[in-house]
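**Student:** Next input, structure requested:
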Amino acid sequence: MRKLDYVNTRMGTKSTTRYSTGNTLPFTQNPWAMAGFVPQTSSERSTWFYHPDDRGIEGIRLSHQPSPWIRDYGNIVMMPQSGAPFMHYHERWSGFKPEDAVLMPDYINVEFLRYRTRMELTPTTRGAKIKCTFHSQEQPRFGLFPVKDDFHCEVVDAANGIIKGYTNSINYKHADNYAMYFVFKFDCSIEMDVNNEHGASFLLHCGDTAEADLAISFINHEQALLNMQRELSGKTFDQVRNDCAQTWEGLLNKIDIETPDEGIKKTFYSCMYRAFLFPHAFHEYDADNQPMHFSMHDGKVRPGILYTDCGFWDTFRTLYPLYAIILPEKYAELVEGFINFYKDCGWLPKWPCPGEVGAMPGTLIDAVLADAAVKGIIKGNLSEDALEAMIKHAETDAGKSPHGRKGVDDYRRLGYIPNDKYGESVNHSLDYAYGDWCIAQVAKVLGKHDLAKKYHDLSMNYKTLFDKTSGFLRGKDAHGNLSDNFNPIRWGGEYCEGGPWQTSFGMHHDFEGMIELYGGKAGFLAKMEELFNTPPHYDVGSYRHEIHEMTEMASQNFGQCAISNQPSFHLPWLFAIAGDSAKTDYWVEKILREGFTPDTFPGDEDNGSLSSWYILASLGMYAVSPGTTEYVRNKPLVDKAVIYAPTGDIVVDKNKTYTDTIIHYAQIMDNKLYE
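**Tutor:** Predicted coordinates for the structure are as follows:
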């Protein structure tokens, strides 16, 4: 059986604003592609435009959406019709049978019941091959519809079925000349007969079927045509699909697992699919096959590769430590793209989509860069550039821009972010301390020991917020005063998407120091026991209403470990770090078995972060401290696994014993898990 056949692209899609089982989309796309495709079942739900239970469909959407909370850009909707044209989504939607629709990584097949037409699609990196089959005797049509903002399209060669157009659909500040350009080429002659604010409809002069090539570019129409020529010219629909399937199969085959549980196999390989969707490529190749990209900062076309659509607050914890093992060369390429972002605008990305969004605390790409440096994935000029860019974060206040860190001057003066001047002050302080430590790690690799000592010492600032009385990290004002009326289950205010329980143990760079704050291992283990055994109650706090992460934590039986959100990801492994591996094994297996199904995640999946958590935990190794070479062990969920790493096969065996709780990257890559 192909690994691809285990993948459920709908996993996590049964979500709403109030409850997330993943907040995912069923992308049909190549890994890390510039173009992805998703059925749009109801635009009335805004960025939750697909739901697996919907029985109506408005078309197939070209989408880049990394998260419904971050929203989409560069999108258009396609829909085959027969008979009279219908344009607005209220008028054009058709019934369909979701149980019959085929939604795979390499292929979409949807029947539009109202129009008696079938649309099939298979993707390339920057486009797709499309096939429409018309069962009706009425006039075949193909409609193109905007999602938002300016939209334009025209027929440029009716006899050869060529359409070109653009949309500047986006949700955040962008360069004035930003647009996504698209080109379609049908295998029949065409004629535009409707063109209004709701979109355009084209008569297709074909028989029962019509095929089209689609390519996009963020540079211009000429580049879109070049992308089409490279990826689609001379290829049949089946050839394009086979190319995509082979690409996916190659990645999914990076790990073989043995387990009698078919549900685990489906969940595992569905998670692997999720781990390779983001970041999205934002670069293209010129006539000389040299990489270039549109800069969202100044509207210029600049040399080099670029990747976007990735939240580093989420992904530094799991996605990149997974890539370090199975895809270190891809990891290095991604870092090169992130450094090009810095060269474009003077700041590293923190949440690009495709330009900087500025969401979430800290500058956690620092951990992605440090992890790559200490594991030898990046070297030389790339490491030097990374260090320069990271120091920019640490020393330059970003002010009101979406980039970098806020309150740098206050942080340097006080050793923490004061809660009377900034929201989410504990998370910012903790993430800044960790970012400083990441700078020290890269400086150490580069032999800059004085610089490493400076930032290592600064990284210990997190201790200034530890309150011995409550046993939590708490916010302080600019005069050093703790806030009043402390409540350990109150969310928001000084904390981001959590409260004291979820936030106070995020010293990824200094777990030894954290344990000392609790008087040693016994005191710390007692606090961990309290965390996992305290009922999942919560106070909505400064949010003033319930947010979905609260609902998800309360619906699960993991105490105050809100595994639905990233700050809780590492908590089960803290038992092992403090000497109780059995308790780590218990909680990791409980979360794996009860929190995940082939259809659902325990919370927002977030660009591969929760999927990578499942993969690493199932294999029995988790990076609690990205920026070190350490992974903490747990009992694997699968009986056996073979990881096909660039350095050779890595064999995981549930029945083999080990003595060390910590295993290092070099040991993993040399297949010395049990030596």
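
**Student:** Please enumerate the helices of the stretch 51-200 of the chain.
**Tutor:** Here the stretch 51-200 of the chain has its helices, by DSSP state H, counting those that start in this stretch, at 89-92.

**Student:** Tell me where it has strands.
**Tutor:** 56-57, 59-63, 76-82, 94-95, 102-104, 107-112, 117-124, 127-134, 140-146, 151-157, 162-167, 180-186, 189-196, 199-205 (DSSP state E, counting those that start in this stretch).

**Student:** any residues touching the first one, and which ones?
**Tutor:** Where contact means Cβ atoms under 8 Å, 6 or more residues apart in numbering, the residues beyond strand 56-57 that reach it are P39, Q40, T41, S42, W93, S94, G95, F96, V110, F112. (C-beta placed from N, C-alpha, C; glycine too.)

**Student:** The longest helix anywhere in the chain: which residues count as buried?
**Tutor:** For the chain, the helix that runs over the most residues, judged by DSSP state H, is helix 425-445. By neighbour count on 16 or more other Cβ atoms under 10 Å, the buried set for helix 425-445 is 425-445.

**Student:** try stretch 548-558
**Tutor:** With burial defined by 16+ other Cβ under 10 Å, the residues of stretch 548-558 counted as buried are H548, E549, M550, T551, E552, M553, Q556, F558.

**Student:** Ignoring the adjacent residues along the chain, who's closest to the last one?
**Tutor:** The spatial neighbour of F558 that comes closest, neighbours along the chain excluded (Cβ to Cβ, 6 or more residues apart in numbering), is I591 at 6.2 Å.

**Student:** The one you found: what secondary structure?
**Tutor:** Following DSSP: H, G, I helix; E, B strand; the rest coil, I591 is assigned to helix.

**Student:** so it makes contact with P572?
**Tutor:** Yes. Using Cβ atoms under 8 Å, I591 is in contact with P572, at 6.7 Å.

**Student:** Give the residues shared as contacts by these two.
**Tutor:** With Cβ under 8 Å, 6+ apart as the test, I591 and P572 both reach C561.

**Student:** Between these two, tell me which one has more neighbours.
**Tutor:** Neighbour count, other Cβ atoms under 10 Å: between I591 and P572, P572 has more, with 28 against 23.

**Student:** residues in contact with that one?
**Tutor:** C561, T584, W587, V588, I591, N634.

**Student:** And it, how close does it get to Y622?
**Tutor:** 8 Å (Cβ to Cβ, to the nearest Å).

**Student:** cool, R71 as well?
**Tutor:** Using Cβ to Cβ, R71 is found at 31 Å from Y622.

**Student:** neighbour-wise, which of the two wins?
**Tutor:** Y622 (25 against 19).

**Student:** Stretch 192-203: how far from the chain's middle?
**Tutor:** Relative to the centre of its chain, stretch 192-203 is centred 35 Å away, using Cα atoms, centre = their mean, to the nearest Å.

**Student:** Isn't Y631 up against I668?
**Tutor:** Yes. Using Cβ under 8 Å, Y631 is in contact with I668, at 6.6 Å.

**Student:** thought E58 was touching R45?
**Tutor:** No. Taking Cβ under 8 Å as the definition, E58 is not a contact partner of R45, at 11.2 Å.

**Student:** Could you report the neighbour count for the spatially closest residue to P123 that is not a sequence neighbour?
**Tutor:** Leaving aside its chain neighbours, P123 sits nearest to Q29 (5.0 Å; criterion: Cβ to Cβ, 6+ apart). A total of 27 residues lie near Q29 under the criterion other Cβ under 10 Å.

**Student:** My understanding was that Q29 contacts P105; is that so?
**Tutor:** Yes. Assessed by Cβ under 8 Å, Q29 is found in contact with P105 at 7.2 Å.

**Student:** Who are the packing partners of the one helix or strand Y586 maps to?
**Tutor:** Of the helices and strands defined by DSSP states H and E, Y586 is found in helix 581-595. Helix 581-595 is packed against helix 521-533, helix 574-577, helix 609-619, with contacts defined by 3 or more Cβ pairs under 8 Å, 6 or more residues apart in numbering; DSSP states H and E.

**Student:** hang on, the earlier thing: I'd like the buried residues of stretch 548-558 laid out as TSV, including secondary structure, distance to Y6 and pLDDT.
**Tutor:** Formatted as TSV, the buried residues of stretch 548-558 follow (DSSP: H, G, I helix; E, B strand; the rest coil; distance: Cβ to Cβ, whole Å; pLDDT from 0 to 100):
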residue	secondary structure	distance to Y6	pLDDT
H548	helix	28	97
E549	helix	29	97
M550	helix	33	97
T551	helix	29	97
E552	helix	25	97
M553	helix	29	97
Q556	coil	25	93
F558	coil	26	98
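
**Student:** Report the secondary structure state of the spatially most central residue of the chain.
**Tutor:** The centroid of the chain falls nearest to N607 when counting by Cα atoms, centre = their mean (1.3 Å). State at N607, reduced to three classes by three-state DSSP: coil.

**Student:** So it sits against A275, correct?
**Tutor:** No. At 9.1 Å, N607 and A275 do not qualify as touching, with contact defined as Cβ under 8 Å.

**Student:** got any residues that touch both of these two?
**Tutor:** What both N607 and A275 touch, as defined by Cβ under 8 Å, 6+ apart, is the set L319.

**Student:** Contacts only, for the nearest residue to R593 once chain neighbours are set aside.
**Tutor:** For R593, ignoring the flanking residues on the chain, the nearest one in space by Cβ to Cβ, 6+ apart is L637 at 7.7 Å. Contacts here follow Cβ under 8 Å, 6+ apart; on that basis L637 touches T259, I264, E589, L592, R593, A617, S618, G620.

**Student:** For the first one, give me phi and psi.
**Tutor:** Yep, that's T259 we're talking about. phi -160, psi 140 (degrees, to the nearest 10).

**Student:** Quick check: it touching K654?
**Tutor:** No. Applying Cβ under 8 Å, one finds T259 not in contact with K654, separated by 9.2 Å.

**Student:** shared neighbours, the two?
**Tutor:** V638, D639.

**Student:** rewinding a little: which pLDDT value belongs to the residue nearest to R593?
**Tutor:** The model reports L637 with a pLDDT of 98.

**Student:** burial count for T117?
**Tutor:** 24.

**Student:** ok, and the closest non-adjacent residue to it?
**Tutor:** Nearest non-adjacent residue to T117, counting by Cβ to Cβ, 6+ apart: P80, 4.3 Å away.

**Student:** I figured that neighbour hits F112, correct?
**Tutor:** Yes. Between P80 and F112 there is a contact under Cβ under 8 Å: 6.5 Å.

**Student:** How about the secondary structure of the closest residue to D385 other than its chain neighbours?
**Tutor:** Excluding its sequence neighbours, the residue lying closest to D385 (Cβ to Cβ, 6+ apart) is I339, at 4.9 Å. Three-state assignment for I339 (three-state DSSP): helix.

**Student:** sorry, back to before: identify the residues contacting the residue nearest to T117.
**Tutor:** Contacts of P80 by Cβ under 8 Å, 6+ apart are F112, Y115, T117, R118, M119, C132, F134, P140, R141, F142, G143.

**Student:** Could you give the bridge partners of it?
**Tutor:** Note on P80: beta-bridge partners by DSSP bridges are F142.

**Student:** measure K454 to S67 for me?
**Tutor:** Separation of K454 from S67 (Cβ to Cβ): 36 Å.

**Student:** And I339, by the same measure?
**Tutor:** For I339 relative to S67 (Cβ to Cβ), the value is 24 Å.

**Student:** likewise H428?
**Tutor:** 21 Å.

**Student:** How about C244?
**Tutor:** Relative to S67, and taking Cβ to Cβ, C244 is found at 24 Å.

**Student:** What ranges does the stretch 201-350 of the chain have for its helices?
**Tutor:** 221-231, 237-252, 262-275, 312-315, 319-326, 328-345.
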